[in-house]
Each structure stands twice: as C-alpha cells, then as structure tokens.
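Novice: Kindly generate the corresponding structure for this input.
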Amino acid sequence: MPDVEGETGTNRDGEEEEDTDSMDGSGLYSLTEDGERESEGGRRERAKDKDGGKRAARKRNRPDTNHSTSSDEDDDEDEEEEQKDDEDDDEAMEAWLGAELSDLRGPVWRAVPSLRYREIGRNSHQFVRRVCGARGLVQRLELQGRLERHTGCVNTLHFNPSGTRLASGSDDLRVVIWDWAVRRAELEFDSGHKSNVFQAKFLPHSGDSTLAMCARDGQIRVAELSATQRCKNTKRVAQHKGAAHKLALEPDSPCSFLSAGEDAVVFGIDLRLDRPANKLVVVKEGDKKVGLYTIFVNPAKTQHFAVGGRDQYVRIYDQRKINENDNNGVLKKFCPSHLVSSESKTNITCLVYSHDGTELLASYNDEDIYLFDSNHSDGADYRRRYKGHRNNATVKGVNFYGPCSEFVVSGSDCGHIYLWDKYSARIVQFMEGDRGGVVNCLEPHPHLPGMATSGLDHDIKLWAPTAETPTGLKGLKEVFYSAQFYSFYFTTQGFIGITENCFLTKSNYLGHNSA
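Specialist: Residues are numbered from 1 along each chain as shown. Next up is the predicted model:
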C-alpha cells in the first residue's frame, strides 16, 4: 500500500503543515473559534449582572407616585419580589427533577416468558434484540471491570463486527487490541502518529486485519494486522491541515472510509488506489470554512454522510452529487430553531445515525443533545431534546444504545454516564464513569447488552446489566446541584430559568444533609 507522505499534507520545503488544533496545554479542548474560553468567575459575574439587571428593571417599571417612599421600603419590596422569584424557580426545579426521577411507564421485558418462548422455538430470533433493547436491563447496568494498559487518556473505542475484540487508542500514541471478555491485551503497537490518537476503527469485512486511525496531527493512517497477533506496518494515506477527530466507515466496504478534519475538508479514502485520498468537499457556510469535529455515514444510504463542527448546523451530503457551486454542495441542513440565529458560538462535537439511518443524533457543546429525522426536508427542526448532561470541556461523544436504537447514551463533564429513553427523552440510567471528571467515548457492544466507555482516566470500563435491582438514578439530584454544574446551567444554557440564589440554596442544603 503506497505511503502518500508529501502528497496532501506537506509544503514545498517538505515541512508538515501547522497544526491548527485547539488543544491547550491541559489536554482539554477549547471549542470556541479563537481557542479561548471564559473563566468560571467571568461566567458567574455575567449571571450576577443578569440578576442585577432584573432588579433594576423592576425599579424602572414601578409607577411614579406623588408620595415619597423611603429607600428601606424599596429594599423591602425588592427582597419580597426576589423571594417570590426564588420560590417560583424552586418549584420549577423540583418539578423537572421530580419528572426525571419518577417511574417511566411503558412496555416491560419479562425474562421468564421470553426464556420459555426461546426454549420452544417461539420468537427465538427476536430474543437477543428484545433483551438488548429492554429498559429493565439498561436500568441494571453496572461496572464489570477495567482494562488497563494505556498511560494516557483513552480517546477511542471500537468493537470489531463480531464483538469479540475491542480496539482502543490513547494520548500515549499507542493502539491496543483487547480480548475484552478475558480482559487481556492481544496486541499493542505504536500508531505512527505524532500526537493524540483520536480514533482507531476495524474496517468491516477485513477479517480484523485492517485498522484505520486518525489523530491530532491530522494524519490518516492504516495499520495492517497479522493473524499472529502483530502489526505488520502502518501507512499514512492522507493528511489534514488540522486535527482529524473522526473517521466514518462504509458498512459494506473493507477498503474505503471517510475522514473529517478541523481544516473543513472531508477525504474519501480508497485503499485500492495508488493515491488513496480524494478530497470530497470543503465544508463552508457562505465563504467561511467550517472546521469539522465529527462525521458519520448513513448505514442505509451509504452514499449519504453527515458532518458537524464549528457551527450549529448538521450538514448532509450525497457523495454522488457534490457540487460546491450549488449550496456549497450540501444536500440538506438541520439545526434546532432556537440556535439558528443564536449569537453563541455553539459547536457540534459528535453526531451519529441510528441503526436504520432514519434518525440522526447531534451533541452540542454548552447545550443539549438533539434528535433529527434524517428524511425530513432541508431546514427541519429537531424531534427530541435530551437534557441533563454537561458538554463543555472536551469533544464529547454521543451514541445510540440498543439493537433498534432504543436509547441515547452520552458522557458528561461531571464524570457520569447518562442514558435516555429515546422516545420520552427521560433519563433512565445514570452511572459514575471516570474519576478524572470527563467521559468522552461510549461504545455499545454490537450484539450483547453492555458497553465500553473511556475518558480522561487511563483505563477502559466495561458495563453489563448484572445489578439485582434497578439503580434508581441514585445521586442524580446531588450531581445536578453540585458546584461543578453551576456555570453550565446558569451561564450557558439558562436551564429552566432558575436563579443563582435558588441554586446555591439547594446545593448547600443537599451538601449539609449528605455530610
């Protein structure tokens, strides 16, 4: 396989292009265009100014009278109005949390009848699907074990098609192939990348012999693995001019895939060609390039792919008819209506198609997760909105869970894992993930009820539905009121309109009672 070094990613002097990735020295990502992030203190001051503005507005709106009133009376009226506002906010908060923590009605999977039907051959072909998509098992997910080998943050996880092996990549520049069932590393090799490995994926129908990789250095590399558990070699097949965060596999192809980079370029890679990389499109909004964080191929319409990045739009393209002179080549765009004219610098950190390609999930930084119907026309609004997690510090992942995409799963900056029922948008499971504080990567098993997760910790966590009773969302209220969530819900989302005083009162109360 030819190494195309110098073909797409070097200048005339043979030097590599400047890395335009926005990673700072802490290992976290700034998702603003200029690479700078507001301080937590600055956000709090903005929230306080907002509350102060409300008080000033109340004073301006008071009718003038011919009788003078003392400043003490004005202050008393302000305090009464603020107290009433806080009481209203308190009720709104409790109503939202009460709804999330209440029992969710709906179909319940019954284990004994299902096992009996399988034994007698009745509906046996549907048994695994019903088990993996059962809410009762999702609510019993718990930590089964850890895979420990990496010496840096684990940024990517990917099961092979049969689900017997798991690939992981890390900031330590190494890739590990795991026999996850016995918690043993089968193979470990140097990726060849010069900076953080962001994705490593088995190509389908390749016999687990070909692994595609991308990284912060912008390189797209391919590793050839032998049947004797060793890496034959790695080759660079394309080069972005900025970080390359995601790859998109074509479900039936062992030799072709897509890549997306912060340089706004989408490459089509075909390993059968002497020059594997073909520039499909440069993503733009008007004349401005849009750096990309994520890409995914529609599993039902494999010529369609969706991208997201440094603006609020999900863009869908058709590889067969990309004409950059016609609407910049875009087939259709989706965006939550309230973000279309938003002044905030909202970005899409991850998007993914459902199992049948009819739905599309997009996770926004400093915002929520939104579900779109991929068959809707250009400009359509979202169908569902999933709230509760925090997506601010890193390029956060999102995924569907279940054989028919019955659930939505995401990590959070608080170190927890959230699962929502897709249809009701209610939280059905809540688990403590990484001690390091951020869960980025979530990889459901392709055939079994369970998944692997990773984040800022250096290990990989395996989850399975083995708890005797449902976990009951234990600790959700305390995490929501924690100081770690303060700036997110009060300065970025304006979540359900509750005020700073209400939040601090509640968090102090919960902290005192749990001490």
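
Novice: contacts, neighbours, all on C-alpha from now
Specialist: OK.

Novice: pLDDT score assigned to D85?
Specialist: The score at D85 is 60. That number is its pLDDT.

Novice: go on, K59?
Specialist: 49.

Novice: Kindly report the same for L473.
Specialist: Here, the pLDDT recorded for L473 equals 81.

Novice: what's the answer for G497, then?
Specialist: 38.

Novice: just use 44 as the starting number from now, easier for me
Specialist: I'll keep to 44 as the first residue from here, and by that count the last item is G540.

Novice: Report the central residue of the chain.
Specialist: G440 (2.2 Å; C-alpha atoms, centre = their mean).

Novice: and it, what is it in contact with?
Specialist: Contact partners of G440, counting by C-alpha atoms under 8 Å, 6 or more residues apart in numbering, are T392, C393, L394, S406, S453, G454, N483, C484, L485.

Novice: of these, closest to E191?
Specialist: For the contacts of G440, the closest approach to E191 (C-alpha to C-alpha) belongs to C484, at 15.8 Å.

Novice: Helix, strand or coil: sort out the closest one for me.
Specialist: Here C484 is recorded as strand under DSSP: H, G, I helix; E, B strand; the rest coil.

Novice: right, and it touches D500 too?
Specialist: No: using C-alpha atoms under 8 Å, C484 makes no contact with D500, being 11.3 Å away.

Novice: Just the buried ones from the contacts of G440, in ChimeraX syntax?
Specialist: Buried residues within the contacts of G440, by 16 or more other C-alpha atoms under 10 Å, are selected in ChimeraX with:
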select :392,393,394,406,453,454,483,484,485
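
Novice: Burial check on the nearest residue in space to H283 that is not next to it in sequence, number of neighbours?
Specialist: The spatial neighbour of H283 that comes closest, neighbours along the chain excluded (C-alpha to C-alpha, 6 or more residues apart in numbering), is G261 at 4.6 Å. For G261, the tally of surrounding residues (other C-alpha atoms under 10 Å) stands at 33.

Novice: And G261, its phi and psi?
Specialist: phi 80, psi -10 (degrees, to the nearest 10).

Novice: picking that back up, of the contacts of G440, which is the nearest to R165?
Specialist: Closest to R165 out of those is L485 (33.4 Å), distances taken as C-alpha to C-alpha.

Novice: Quick check: beta-bridge partners of the closest one?
Specialist: T496 (DSSP bridges).

Novice: my read: it touches G498, true?
Specialist: No: with contacts counted by C-alpha under 8 Å, L485 stays clear of G498, the gap being 9.0 Å.

Novice: can I assume D421 sits in a strand?
Specialist: No: checked against three-state DSSP, D421 lies outside a strand; its state is coil.

Novice: Quick check, pLDDT for it.
Specialist: Note for D421: predicted pLDDT of 90.

Novice: Ok, G95 next?
Specialist: For G95, the model assigns a pLDDT of 49.

Novice: So P379 versus N371, what's the distance?
Specialist: From P379 over to N371 the distance is 21 Å, taken as C-alpha to C-alpha, to the nearest Å.

Novice: which residues touch L374?
Specialist: Contacts here follow C-alpha under 8 Å, 6+ apart; on that basis L374 touches R358, I359, Y360, D361, D421.

Novice: So what's the residue count around the closest residue to R172 other than its chain neighbours?
Specialist: Excluding its sequence neighbours, the residue lying closest to R172 (C-alpha to C-alpha, 6+ apart) is P446, at 5.9 Å. By other C-alpha under 10 Å, the residues close to P446 number 22.

Novice: Which secondary structure element is home to P446?
Specialist: Secondary-structure assignment from DSSP states H and E places P446 in no helical or strand segment.

Novice: can I assume it is in contact with H490?
Specialist: Yes: between P446 and H490 there is a contact at 7.5 Å, judged by C-alpha under 8 Å.

Novice: Give me the common contacts of the two.
Specialist: Common neighbours of P446 and H490 (C-alpha under 8 Å, 6+ apart) are C175.

Novice: if I pick the closest residue to D502 other than its chain neighbours, what's in contact with it?
Specialist: Nearest in space to D502, with sequence neighbours left out and distances taken as C-alpha to C-alpha, 6+ apart, is E191 at 4.9 Å. By C-alpha under 8 Å, 6+ apart, the contact set of E191 is H501, D502, I503.

Novice: List phi and psi for the second one.
Specialist: Which is D502. Dihedral angles (degrees, to the nearest 10) for D502: phi -110, psi 170.

Novice: Sounds good, over and out.
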